[in-house]
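Asker: Mind looking at a prediction? Sequence and model below.
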Amino acid sequence: MKKENNYSLLGHNTFGIEAKCRRYIEMETVEEVQDVVRHITDDDRPLLLLGGGSNLLLTKDFDGTVLHSAIMGVDVTHGDGDVMLRCGSGETWDDVVALSVDNGWCGMENLSLIPGEVGASAIQNIGAYGAEAKDIIYKVEAVEIATGHAVCFTNAECDYSYRQSKFKNEWKDRYFITYVTYCLSNTFSPRLDYGNIRSQLDKMDIEQPTPGQLRQAIIDIRNAKLPDPKIEGNAGSFFMNPIVPKEMYNQLESQYPGMPHYTIDAGHEKIPAGWMIDQCGWKGKSLGRAGVHSKQALVLVNRGGATGEDVVNLSDTIRRDVKEKFGIDIYPEVNFK
């Protein structure tokens, strides 16, 4: 267990924002988590449950206690046609994806190179290229902060939807996630019809990819259009793609022929927020020390020395412009603290 006071969070957020917390505690076992939460006092609060900091925007110093998981390990159980991976919440997400692909356990390929840790996958319902964590999450283990009791939730109990879960809503800050179990398949059923996956495979001269080839295609796509946080601070996709009624999409499509979209169901369409931001002229532009990435307008970046408030100001301005042009509200995927 690690405990620090007046601790810098610069290395714990991919936006590269300098901020400190009053107290920092890192735990390596379920028992350590239980001991810590059972001894939390009012003086320790508020609490911030922190993973890899890849979906976090720190707007100021955090006057409370940060709890971080260093629970590691991957336990593998083979079933009849499937494989269960029970992963410590402190494991790096993409390391688990690489492990699954290397061993022929299928279902994670499209989620390659998403930054962050395993615990966040269950909270955020991370997703990319037509896949979401909810598609493979079997169960989530956690410690209830109020009591220190170990609990376990099924996928259904977590109430997953697009970038949402009970952990982000009615269960927010109530549970510290310790393990996530994923159910993968021994049979490869690739998802190739989202975004530019097929065009990337064409560049690689591949028609029917293996899991490893699909993973590499996803990695190449992401590297080509997303900035490296070590060079230019960012939290990946900053905004969620809005889902709108079919009637609204049809009206907008008549104004903007060729507007990209993804059909959700008979009555709803998903419109890429990045496309709308680009149409508003923001791609590659800056507002102070925060800016919009030149290759992917969905990504806001730290141009160097930006504060959390700089990024918030840019976000608010972009949201206002999108609302004025398209009549659509877009909302941050990133958590503000």
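Answerer: Perfect, I can see it now.
Asker: Show me where the stretch 101-250 of the chain has its helices.
Answerer: 118-124, 197-203, 211-225, 246-255 (DSSP state H, counting those that start in this stretch).
Asker: most neighbours per residue, which of the ones you listed?
Answerer: Among the helices of the stretch 101-250 of the chain, judged by mean count of other C-beta atoms under 10 Å, the one packed with the most neighbours on average is helix 118-124 (a mean of 28). (Glycine included, C-beta is placed from N, CA and C.)
Asker: avg pLDDT for it?
Answerer: Predicted confidence along helix 118-124 averages 96 (mean pLDDT).
Asker: just stretch 21-31 next, same as before
Answerer: Stretch 21-31 comes out with an average pLDDT of 98.
Asker: which one of the helices of the stretch 101-250 of the chain lies closest to G107?
Answerer: Each of the helices of the stretch 101-250 of the chain was scored for nearness to G107 using C-beta to C-beta, and the closest is helix 211-225 (9.2 Å).
Asker: Number of residues surrounding the closest residue to I71 other than its chain neighbours?
Answerer: In this structure, I71 finds its nearest non-sequential neighbour in G88, 3.9 Å apart by C-beta to C-beta, 6 or more residues apart in numbering. Other residues near G88 come to 24 when the count uses other C-beta atoms under 10 Å.
Asker: Ramachandran angles for G88?
Answerer: With angles defined as degrees, to the nearest 10, G88 shows backbone torsions of phi -60, psi 140.
Asker: Was I right to think it contacts D95?
Answerer: No. Here G88 does not reach D95: they are 11.0 Å apart, not a contact under C-beta atoms under 8 Å.
Asker: Can I get the helices of the stretch 101-250 of the chain in TSV including distance to V322?
Answerer: Below are the helices of the stretch 101-250 of the chain laid out as TSV (distance: least, C-beta to C-beta, whole Å):
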stretch	distance to V322
helix 118-124	22
helix 197-203	26
helix 211-225	20
helix 246-255	12
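Asker: Out of those, flag the one nearest V83.
Answerer: Counting by C-beta to C-beta, and looking across all of those, nearest comes helix 211-225 at 12.6 Å.
Asker: Restricting to C-alpha, output that closest one in PDB.
Answerer: What follows is helix 211-225, C-alpha atoms only, in PDB (Å, rounded to 0.1, in the frame of the first residue of the first chain):
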ATOM      1  CA  PRO A 211      -7.600 -11.300 -34.600                       C
ATOM      2  CA  GLY A 212      -4.000 -10.100 -34.600                       C
ATOM      3  CA  GLN A 213      -4.400  -8.400 -38.000                       C
ATOM      4  CA  LEU A 214      -7.600  -6.700 -36.900                       C
ATOM      5  CA  ARG A 215      -6.000  -5.500 -33.700                       C
ATOM      6  CA  GLN A 216      -3.100  -4.100 -35.800                       C
ATOM      7  CA  ALA A 217      -5.500  -2.400 -38.100                       C
ATOM      8  CA  ILE A 218      -7.300  -0.700 -35.200                       C
ATOM      9  CA  ILE A 219      -3.900   0.300 -33.700                       C
ATOM     10  CA  ASP A 220      -2.800   1.800 -37.000                       C
ATOM     11  CA  ILE A 221      -6.100   3.800 -37.400                       C
ATOM     12  CA  ARG A 222      -5.800   5.200 -33.900                       C
ATOM     13  CA  ASN A 223      -2.100   6.100 -34.200                       C
ATOM     14  CA  ALA A 224      -2.800   7.900 -37.500                       C
ATOM     15  CA  LYS A 225      -5.400  10.200 -36.100                       C
END
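Asker: Done for today, thanks.
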